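# Pasting a predicted model and its sequence here:
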Amino acid sequence: MMVSITFDVEHDCPPYLTTMRGMEEGLPKLLDLMAEKRVRATFFFTAEMARRFPELVRRVIDEGHELGSHNYNHERLDKLTREEGEKAIEKSLKVLRKFGDVVSFRAPNLQFPNYYYDILSKNGILVDSSKATYKGYRGGVRFFGDVLEVPASTTSSVIRLPWRIQRIIHGRLREPRVYFAHPWEFVPMQREKIRWDCRFNTGDQAISLLGRLIDH
Ligand SMILES: [Zn+2]
């Protein structure tokens, strides 16, 4: 079974919140869990979070994980012009590559018009994970030009469902299974005024459910 665990490292629940509790409390807990389970993951950072939390980027790299880009400050590429989008990606990579190699990319909100593959390729990106099977993408793992697309398998809230329900969903996913979650899901969000699916089972319950998924 080929499984990949990825995290989109951003401020809390964009575009609804501007806090960074996920960075302050969630990401350190996630890194502890990954170390305990001896699992390596890909962390797609926005450059803005890397700039504000450089010690967490260094921890990600030192503990053997992959650093990827989640654009500069979570700008949605479908809402920018091609030129603006290209500039944001370039600016993001400039910041992130001060920490180490970056060859992977995931677009904010998984909104990724196909002409961006060329832009990624020009900027030395080899792997993209901006498409999602649950958003209707059916191409599987394949190349677009020089860039290998490795689509996400499920939306992030799936890994917070009660275990007896999510286990049925996992069994139906095709290989490779590519999971993703965000640091802010691992701090309690129940009191925030955000969509229900962004709130349920957040905090320590999410940590223990992710641990269970890794064991599974
Ligand atoms: Zn995101």
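Okay, I see it. Residues are numbered from 1 along each chain as shown.
# Phi first, then psi, for whichever residue of the chain sits closest to the ion.
Shortest the chain-to-the ion distance, computed as Cβ to the ion: residue-wise this is residue 8, at 4.0 Å. C-beta here means a position set from N, CA and C on the backbone, and glycine is covered the same way. Backbone torsions for residue 8, taken as degrees, to the nearest 10, come to phi -100, psi 110.
# Now for it: which residues touch it?
44, 70, 106, 108, 156, 180, 181, 182 (Cβ atoms under 8 Å, 6 or more residues apart in numbering).
# Recalculate using a threshold of 7 Å.
44, 70, 106, 180, 182 (Cβ atoms under 7 Å, 6 or more residues apart in numbering).
# what pairs with the helix or strand where the first one lies, and is each one parallel or antiparallel?
In other words, residue 44. With elements delineated by DSSP states H and E, residue 44 resides in strand 42-45, which encompasses its position. Strand pairing for strand 42-45, using DSSP bridges, gives strand 3-9 (parallel), strand 66-69 (parallel).
# Tell me how far the next helix-or-strand element following the last one lies from the chain's centre.
The C-terminal neighbour of strand 66-69 among helices and strands, as given by DSSP H and E, is helix 82-96. For helix 82-96, the gap between its own C-alpha mean and the chain's C-alpha mean amounts to 17 Å (Cα atoms, centre = their mean, to the nearest Å).
# Return the set of buried residues in helix 82-96.
Within helix 82-96, the residues that qualify as buried by neighbour count (16 or more other Cβ atoms under 10 Å) are 85, 86, 88, 89, 92, 93, 95, 96.
# shouldn't the fourth one be in contact with residue 73?
No - using Cβ atoms under 7 Å, residue 89 makes no contact with residue 73, being 12.0 Å away.
# pLDDT of stretch 115-127, averaged?
Taken as a whole, stretch 115-127 has an average pLDDT of 98.
# can I get the CA coordinates of that stretch in PDB?
Coordinates of the C-alpha atoms in stretch 115-127 are reproduced here as PDB (Å, rounded to 0.1, in the frame of the first residue of the first chain):
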ATOM      1  CA  TYR A 115      -1.400  26.500 -17.300                       C
ATOM      2  CA  TYR A 116       0.500  26.700 -14.000                       C
ATOM      3  CA  TYR A 117       2.300  23.400 -14.700                       C
ATOM      4  CA  ASP A 118       4.600  25.300 -17.100                       C
ATOM      5  CA  ILE A 119       5.200  27.900 -14.500                       C
ATOM      6  CA  LEU A 120       6.100  25.300 -11.900                       C
ATOM      7  CA  SER A 121       8.400  23.500 -14.300                       C
ATOM      8  CA  LYS A 122      10.200  26.800 -15.100                       C
ATOM      9  CA  ASN A 123      10.800  27.200 -11.400                       C
ATOM     10  CA  GLY A 124      12.300  23.800 -10.800                       C
ATOM     11  CA  ILE A 125       9.200  22.100  -9.300                       C
ATOM     12  CA  LEU A 126       9.100  18.300 -10.100                       C
ATOM     13  CA  VAL A 127       5.900  17.200  -8.200                       C
END
